[in-house]
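Trainee: Here you go, sequence then predicted model.
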Amino acid sequence: MDVLTTLDLAEWNVAVPQNLRNDAAAAIESGKVLYFPKLRFALNRDEDVLLSPTVLGGGDKNVSYDPANGKIKGAVVEGTTAPILRAMMRRYSDYATRLVREIFPAYAPTLETARTSYRPAEIAGRKYTPTKDDTRLHVDAFPTRPVHGRRIMRVFSNINPGDAPRVWKVGEPFPDMAKKMLPQVKRPMAIMPLLLAATGSTRGVRSRYDSLMLGLHDAAKFDETYQRTSPQKQVEFPAGTTWMCFTDQVMHAALSGQFVLEQTFHLDAEAMTIPESAPVRVLEKLEGRALV
Ligand code: SIN
Ligand code: FE
């Protein structure tokens, strides 16, 4: 199973030639992880104070930054550290956005730079309920944030100051997983999405697509046999590297590692070169109906 496609970019702000753009789009849309072994996100000297899990508030697993308004959530930082944290996250958000726009110019018209996250806690050994446990294979789908078929793309950089890699498992192709797991997914009553939106439990009304994706996320995480026996491959992203993928499509699990920055993007499935590979199109084909 070939899960990575390697690109040799060594700088965030470079011109990407057309042939490389085409290869990158074909690879990421078919479910590969694009891996940039030479693309380091370097910290400024004053940012070293951020390399500690103590910047996290109690109970939060990451710090989040909203590039739209500069607001930080999940951090407990004092005095001068707060602006340092914000500056690092803003810089990461800017770099990741510039890179994604450069590699995928076709995505630009519908591309939204969503939350940025900083993950300073060691993953291995943390205890979570199965649905929150990202050491289990899953596709990303979030209970409070319906996407209505829009894609979720994420850029990650391992900024570990030592040599600890981010260790992932990557699972089988999305259509294979969906065929196996869809029969286990319970369909919500039609009133449910409306109730959830009315009570403020979701931001907007969940589409059928959102309900199915959440169902697939949960079904895979709860299925011990699937976790153990489905096709999967372990990959390591060393300190100083960057990688990106459609996390709504790539079955992934994070097993260990500490100090990662991540930028989330949303874009329309129609902006893709192979729109048929979008989860919404795959699920619509399997279900035989429109889902958004
Ligand atoms: C995840 O998206 O499931 C976790 C990825 C990571 O933090 O490395
Ligand atoms: Fe995930």
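Mentor: Sure, I can see it. Ligands and ions are numbered 1, 2, ... in the order given.

Trainee: what bridges to the spatially most central residue of the chain?
Mentor: In the chain, the centroid-proximal residue (CA atoms, centre = their mean) is residue 154; its distance is 4.0 Å. Judged by DSSP bridges, the bridge partners of residue 154 are residue 245, residue 264.

Trainee: I'd say it and residue 261 touch.
Mentor: No - counting by CB atoms under 8 Å, residue 154 does not reach residue 261; the two are 10.6 Å apart. (Each C-beta comes from the backbone N, C-alpha and C, glycine too.)

Trainee: contacting residues for the residue of the stretch 101-250 of the chain found nearest ligand 1?
Mentor: Evaluated by CB to the nearest ligand atom, the stretch 101-250 of the chain has residue 134 as its residue closest to ligand 1, separated by 3.6 Å. Residues in contact with residue 134 (CB atoms under 8 Å, 6 or more residues apart in numbering) are 123, 128, 253-254.

Trainee: which residues does the residue nearest to the centre of the chain contact?
Mentor: Taking CB under 8 Å, 6+ apart, we find residue 154 in contact with 140, 244-245, 247, 262-265.

Trainee: got it, and residue 98?
Mentor: 12-13.

Trainee: Tell me which helix or strand in the protein has the weakest average pLDDT.
Mentor: The weakest-scoring helix or strand in the chain, judged by mean pLDDT, DSSP states H and E, is helix 192-198 (a mean of 92).

Trainee: so what does it touch, helix or strand wise?
Mentor: Under the contact definition 3 or more CB pairs under 8 Å, 6 or more residues apart in numbering; DSSP states H and E, helix 192-198 sits against helix 208-222.

Trainee: 6 Å instead?
Mentor: Applying 3 or more CB pairs under 6 Å, 6 or more residues apart in numbering; DSSP states H and E, we find helix 192-198 packed against no helix or strand.

Trainee: which outside residues touch that helix?
Mentor: Identification of contacts with helix 192-198 by CB atoms under 6 Å, 6 or more residues apart in numbering yields 202, 205-206.

Trainee: For that helix, output the C-alpha coordinates as CSV.
Mentor: Extracted C-alpha coordinates of helix 192-198, given in CSV (Å, rounded to 0.1, in the frame of the first residue of the first chain):
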residue,chain,number,x,y,z
MET,A,192,-32.8,15.4,14.4
PRO,A,193,-30.7,17.8,12.3
LEU,A,194,-33.3,20.5,12.8
LEU,A,195,-33.4,20.0,16.5
LEU,A,196,-29.6,20.0,16.8
ALA,A,197,-29.4,23.3,14.9
ALA,A,198,-32.3,24.9,16.8
